[in-house]
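Peer 1: Following is a predicted model, sequence given first.
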Amino acid sequence: MTKFAVVKISGHQYKVGEGEEIEVPKIEGEKGKTLDLEEVLLVVDGEKVEVGQPQIKGAKIQAEIVEQKKGEKIRVAKYKAKTGYRRVRGFRPLITTLKIKKINIGLSSRN
């Protein structure tokens, strides 16, 4: 088993491992900037499992911003039958790509 964690970013939960890249809703920052994600909910390191209540105290995940971009266009259509009413709108969500550098368990509830 490898080392992975569950982290909360912008109201969403992501399962991440060291060296992985994930796409999340936009986080402010330039390309190359390092972030510390502190809302760590679960860490698994081989046979050791740390579960937060709701978060693991002292645990941090170091991530680097790889890219800021727009996602695919989402099409939103409204339609009402028999009246000729049609509206089509769309938008492209802003996305940040993060590369997970390191998972630090820190000084949690271990003895």
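Peer 2: Received it, and whenever you're ready, just let me know what you need. Numbers count the residues shown, from 1 in each chain.
Peer 1: Can you tell me, leaving aside adjacent residues, what's nearest to N104?
Peer 2: K60 (4.8 Å; C-beta to C-beta, 6 or more residues apart in numbering). Placement of C-beta: from N, CA and C, glycine included.
Peer 1: count of neighbours near the one you found?
Peer 2: The number of residues packed near K60 is 19, by other C-beta atoms under 10 Å.
Peer 1: Test my guess that it contacts E39.
Peer 2: No. With contact defined as C-beta atoms under 8 Å, K60 does not count as touching E39 (9.8 Å).
Peer 1: Show me what the lowest-mean-pLDDT helix or strand in the chain pairs with in its sheet, parallel or antiparallel.
Peer 2: Here the helix or strand of the chain ranked lowest by mean pLDDT, DSSP states H and E is strand 48-51, holding a mean of 89. Using DSSP bridges, the strands paired with strand 48-51 are strand 40-45 (antiparallel).
Peer 1: send the alpha carbons of the strand it pairs with over as CSV?
Peer 2: Presented in CSV, the C-alpha positions along strand 40-45 are these (Å, rounded to 0.1, in the frame of the first residue of the first chain):
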residue,chain,number,x,y,z
VAL,A,40,-6.5,16.9,6.1
LEU,A,41,-9.3,14.4,6.9
LEU,A,42,-7.5,11.1,6.5
VAL,A,43,-3.9,9.8,6.1
VAL,A,44,-3.0,6.2,5.1
ASP,A,45,0.7,5.3,5.3
